[in-house]
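>>> below are the sequence and a predicted model for it; my questions follow.
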Amino acid sequence: MGELRLSYPACVIAGKTRLTADDIAILREHVFVPGITASQDAVILLAINGSCSEKCPEWHFIDALTEFIVHSCYPQGAMDEWNADWLIAMISTRGVVNSRIELDLLFHIIDISKHIPDSLSIFALEQIRMVMTGDDGVWAGLRGSRQNGLQKADILLIARVMSAIARSRGSRLTARERKMLEQVGILTGLSSDHIEAA
């Protein structure tokens, strides 16, 4: 119960260690003929992504999956709490994003959504905080420095989250967002009238 069972040919491709351009052609021809049209399609893509450790350069689904999640699912153009929780569950294990592709997906969704709940902004900021404090995470290998503390690459990602917060709530941070931004060393001395209770 709750176990994902993939149909043919997705099950065969998911069982491989190396994903090839031919595999992608097979998936497009037999599994994703009309594109990504249901949450089950997104689950299949993410399952294949997680099971194949080596991926060819043609393996890119971020735009298509973002389009489905943000623009096809309700509420269209935005992320609500339910969709954010689903996304977090699909791309992470125990609060840590699983792969670079999934981290890119997370930030692409944050970039194009008209609204994101604070659970998604906090989750994204947590990926940065974990690396800054020495914990593991995908971001650790991508940020260009293994040093603890805030780095330039961290600030660039934080700016993307802050932009999404501004689109979602204007200048008003939730208490949980404020706490996380303080933990990553961004906020100092912001007056309480810019905070909403979570």
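Cool, got the structure.
>>> what ranges does the protein have for its helices?
10-14, 21-30, 39-51, 62-66, 81-91, 100-112, 118-132, 138-142, 152-169, 175-183 (DSSP state H).
>>> how about the ones you listed in TSV, adding mean pLDDT?
Below are the helices of the chain laid out as TSV (pLDDT from 0 to 100):
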stretch	mean pLDDT
helix 10-14	89
helix 21-30	94
helix 39-51	92
helix 62-66	94
helix 81-91	97
helix 100-112	97
helix 118-132	94
helix 138-142	87
helix 152-169	95
helix 175-183	93
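>>> and among those helices, the most buried is which?
Most buried of those by mean neighbour count (mean count of other CB atoms under 10 Å) is helix 118-132; its value is a mean of 23. In short, each C-beta sits where N, CA and C put it, glycine included.
>>> now it, how far from the centre of its chain.
Offset of helix 118-132 from its chain centre (CA atoms, centre = their mean, to the nearest Å): 11 Å.
>>> pipe the helices of the chain into a markdown table and attach distance to P75 per row.
Converted to a markdown table, those look like this (distance: least, CB to CB, whole Å):
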| stretch | distance to P75 |
| --- | --- |
| helix 10-14 | 29 |
| helix 21-30 | 29 |
| helix 39-51 | 15 |
| helix 62-66 | 15 |
| helix 81-91 | 8 |
| helix 100-112 | 13 |
| helix 118-132 | 14 |
| helix 138-142 | 28 |
| helix 152-169 | 12 |
| helix 175-183 | 20 |
